[in-house]
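Asks: Any chance you can model this:
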Amino acid sequence: MSAFSTERLAQILLAPVISEKSTLVGEKNNQVVFRVARDATKPEIKAAVETMLSKKDEKLEVEQVRIVNVRGKEKRFGKFTGRRSSWKKAYVCLKAGQEITFAEGEVK
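Replies: A predicted model of the protein is given here:
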């Protein structure tokens, strides 16, 4: 069991980032990209991925976590300018032979 509470770990992973770049990174480097809480740390992200996304019969192992702070874009609404919220992105590198599937009905 990890040193973090399960309530905290459930709040860390917000969503997987599905884009052309994240798909390319995932295929090339065996990485998965997640949108995470802005106050999340690398050990918390690692623990959250290992506990929340592991299957009952096999344990998911994370090799490395890299974090990027994404600055919100500046947008115009007519004559008014505003800024979208900044957010944090985590590149989670899985150990060799490990994989995460997000679709339940996916056939391998």
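
Asks: ranges for the strands of this protein?
Replies: In the chain, strands defined by DSSP state E lie at 13-16, 31-36, 62-70, 74-77, 80-83, 87-94, listed in chain order.

Asks: For M1, report the pLDDT, please.
Replies: Residue-level confidence at M1 comes out at 49, pLDDT.

Asks: which residues of this protein score low on pLDDT?
Replies: Low-confidence segments of the chain (pLDDT under 70): 1-2, 102-108.

Asks: ok, T6 to I12 distance?
Replies: Counting by C-beta to C-beta, to the nearest Å, the gap between T6 and I12 amounts to 11 Å. No exception for glycine: its C-beta is placed from N, CA and C like everyone else's.

Asks: Ok, V49 next?
Replies: Between V49 and I12 the computed distance is 9 Å (C-beta to C-beta).

Asks: do F34 as well
Replies: Applying C-beta to C-beta, one obtains 9 Å for the distance of F34 from I12.

Asks: Find residues that contact each of these two.
Replies: Any residue near both F34 and I12 by C-beta atoms under 8 Å, 6 or more residues apart in numbering counts here, and that gives I45.

Asks: For the residue nearest the centre of the chain, name its beta-bridge partners.
Replies: The geometric centre of the chain, computed from its C-alpha atoms, lies nearest to F34 (C-alpha atoms, centre = their mean), at 1.9 Å. Here F34 sits in beta bridges with P16, A90, going by DSSP bridges.
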